[in-house]
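Visitor: Sequence plus the predicted model coming up.
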Amino acid sequence: MSEGRRPTIGRSLPDEAATAALAQAVAAGLREGDDGLVIYLHGPLGAGKTSFARALLRACGVEERVKSPTYSLMEGYRARGRPAWHLDLYRIADPGELEWLGLDALAEPDALVLVEWPERGAGVLPAADLELSLSYLEAGREARLGAVTARGERALQQLAR
């Protein structure tokens with residue numbers, strides 16, 4: 001692999017069950033005691049970002065109700081013994097608005113961090129390990145997962161197995 005090029009995986013998601021299956025496959029690569037993972041979730045409204053995040057958290061053992069953080073901006077959980085954070089920054093107009101959220105917790109080395117609309121928190125958020133882009137197809141959705149870091153590459157390798 002050439003320097004600077006990171007692997008990507010594409011998947012067709014004909015329905016919500018396929019989105020959940022993709023999330024479960026990503027979760028299968030996350031083991032207790034491993035480093036955390038930061039995943040940026042991109043896509044238009046209704047593309048399935050929250051559905052993916054909810055399914056991933058469930059697959060990582062979150063038993064409580066997984067709420068959409070659309071209004072709270074950030075929800076915290078415990079997933080396989082590690083902190084897990086789900087952020088939805090759709091309503092943020094400026095990254096400076098995030099100062100009061102206490103984003104220091106996102107920097108914990110074993111944290112699982114899922115961020116919807118990450119471009120709205122540019123410069124304030126931890127860097128992504130994986131980026132998931134969801135887009136509409138005629139029937140269903142398409143997902144493209146791309147590794148940004150070596151940690152993201154390891155997660156994609158697990159997914160490819």
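Guide: All right, it came through fine. Just so it is clear, the model here is predicted, and its values are computed rather than measured.
Visitor: remind me which residues of the chain are low pLDDT?
Guide: 1-5, 31-34 (pLDDT under 70).
Visitor: Now with 50, please.
Guide: 1-3 (pLDDT under 50).
Visitor: Please enumerate the strands of it.
Guide: Assigned by DSSP state E, the strands in the chain fall at 8-13, 37-42, 74-79, 82-88, 112-116, 130-136, 141-147.
Visitor: need these in JSON lines with distance to Ala27 and mean neighbour count, can you?
Guide: Any C-beta I mention is one placed from the backbone N, CA and C, and that applies to glycine too. What follows is the strands of the chain, written out as JSON lines (distance: least, Cβ to Cβ, whole Å; neighbours: other Cβ atoms under 10 Å):
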{"stretch": "strand 8-13", "distance to Ala27": "15", "mean neighbour count": "15"}
{"stretch": "strand 37-42", "distance to Ala27": "10", "mean neighbour count": "23"}
{"stretch": "strand 74-79", "distance to Ala27": "9", "mean neighbour count": "18"}
{"stretch": "strand 82-88", "distance to Ala27": "11", "mean neighbour count": "23"}
{"stretch": "strand 112-116", "distance to Ala27": "9", "mean neighbour count": "26"}
{"stretch": "strand 130-136", "distance to Ala27": "12", "mean neighbour count": "20"}
{"stretch": "strand 141-147", "distance to Ala27": "13", "mean neighbour count": "20"}
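Visitor: Include distance to Pro95 when you put these into JSON lines, please.
Guide: Below are those laid out as JSON lines (distance: least, Cβ to Cβ, whole Å):
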{"stretch": "strand 8-13", "distance to Pro95": "26"}
{"stretch": "strand 37-42", "distance to Pro95": "14"}
{"stretch": "strand 74-79", "distance to Pro95": "14"}
{"stretch": "strand 82-88", "distance to Pro95": "12"}
{"stretch": "strand 112-116", "distance to Pro95": "12"}
{"stretch": "strand 130-136", "distance to Pro95": "18"}
{"stretch": "strand 141-147", "distance to Pro95": "22"}
